[in-house]
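[1] Show me the folded form of this:
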Amino acid sequence: MERVLADTHAFVWWIEGREQLSYQVREILENPETTIYISAASVWELAIKARIGKFKSSALISGFSAELEKEGFLELPISIKHAVRAGMIKAAHKDPFDRMLAAQAQLEGLPILSNDKIFDKLSVRRIW
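    Have a look, this model is predicted:
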C-alpha cells in the first residue's frame with residue numbers, strides 16, 4: 001500500500017475536479033489502496049488565504065474534516081518534531097507551509113503530490 005502526502009493545491013484541485021492534476025497524481029488519488037494524508041498546515045494555509053480573499057471556498061474550510069472523511073483522506077497533524085525539522089531546513093525557501101510539508105514528508109517517509117518543483121530542492125520525493 002502506497003502512502004502519500006498531498007500538497008495543498010493538489011488537494012484543492014482534486015476536490016474541485018480540475019484538469020491541472022497530472023494523470024499519475026489522479027491515478028494515485030483514485031486508488032483505494034493508497035493512503036493519502038493532508039497536512040494540518042494545508043488547512044492553515046487555506047484558512048489564511050480565505051480570510052484575505054485569495055481562496056474563495058470558505059465552505060471547504062468550515063467543512064474540511066467532513067471533506068477529508070468523505071474522500072477517505074487522513075489528517076496529518078503538526079508535531080513538535082515536524083516543527084523543529086521545518087525550522088531547521090537549510091534551503092533558502094521562506095514559505096512556512098512548504099517548509100512544514102517538506103518536514104512532514106521527510107520525517108514520515110512520504111512522497112509529496114505536488115507540481116511545485118521547490119520540493120525537489122527540499123530533499124523530498126515529489127510525484128507529479
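[2] All the strands of the chain, residue numbers only.
    Chain-ordered strands for the chain, with DSSP state E as the definition, fall at 3-6, 35-39, 74-76, 112-113, 126-127.
[3] measure the residue lying closest to residue 14 once chain neighbours are set aside to residue 86 for me?
    Closest residue to residue 14 apart from its sequence neighbours, by CB to CB, 6 or more residues apart in numbering: residue 29 at 5.4 Å. Heads up, the C-betas are built off the backbone N, CA and C, glycines and all. According to CB to CB, to the nearest Å, residue 29 and residue 86 sit 25 Å apart.
[4] Then residue 55?
    Per CB to CB, residue 55 is found 22 Å from residue 86.
[5] Over to residue 47?
    Residue 47 is 18 Å from residue 86, where distance means CB to CB.
[6] Neighbour count: the two, which is higher?
    residue 86 (22 against 16; other CB atoms under 10 Å).
[7] Contacts only, for that one.
    96, 99-100, 102-103 (CB atoms under 8 Å, 6 or more residues apart in numbering).
[8] how about 10 Å then?
    41, 78, 96-104, 106-107, 122 (CB atoms under 10 Å, 6 or more residues apart in numbering).
[9] Check residue 85 too.
    Each residue near residue 85 by CB under 10 Å, 6+ apart is listed here: 79, 99-100, 102-107.
[10] Make a ChimeraX selection of whichever of those turn out to be buried.
    Only the buried members of the contacts of residue 85 end up in this ChimeraX selection, burial being decided by 16 or more other CB atoms under 10 Å:
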select :99,100,102,103,104,105,106
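[11] tell me which of the contacts of residue 85 is nearest to residue 127?
    Checking those against residue 127 with CB to CB, the nearest one is residue 105 at 10.8 Å.
[12] List the contacts of the closest one.
    Residues in contact with residue 105 (CB under 10 Å, 6+ apart) are 4-5, 7, 37, 39, 76, 82, 85, 111-112, 114, 119, 122-126.
[13] wait, residue 15 sits on residue 66?
    No. Contact criterion CB atoms under 10 Å: residue 15 and residue 66 do not qualify, at 11.7 Å.
[14] just to revisit the earlier point, rebuild the contacts of residue 85 as CSV, extending it with distance to residue 91 and pLDDT.
    Shown next, in CSV, are the contacts of residue 85 (distance: CB to CB, whole Å; pLDDT from 0 to 100):
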residue, distance to residue 91, pLDDT
79, 21, 98
99, 8, 95
100, 13, 97
102, 8, 97
103, 11, 97
104, 15, 98
105, 13, 98
106, 12, 96
107, 16, 97
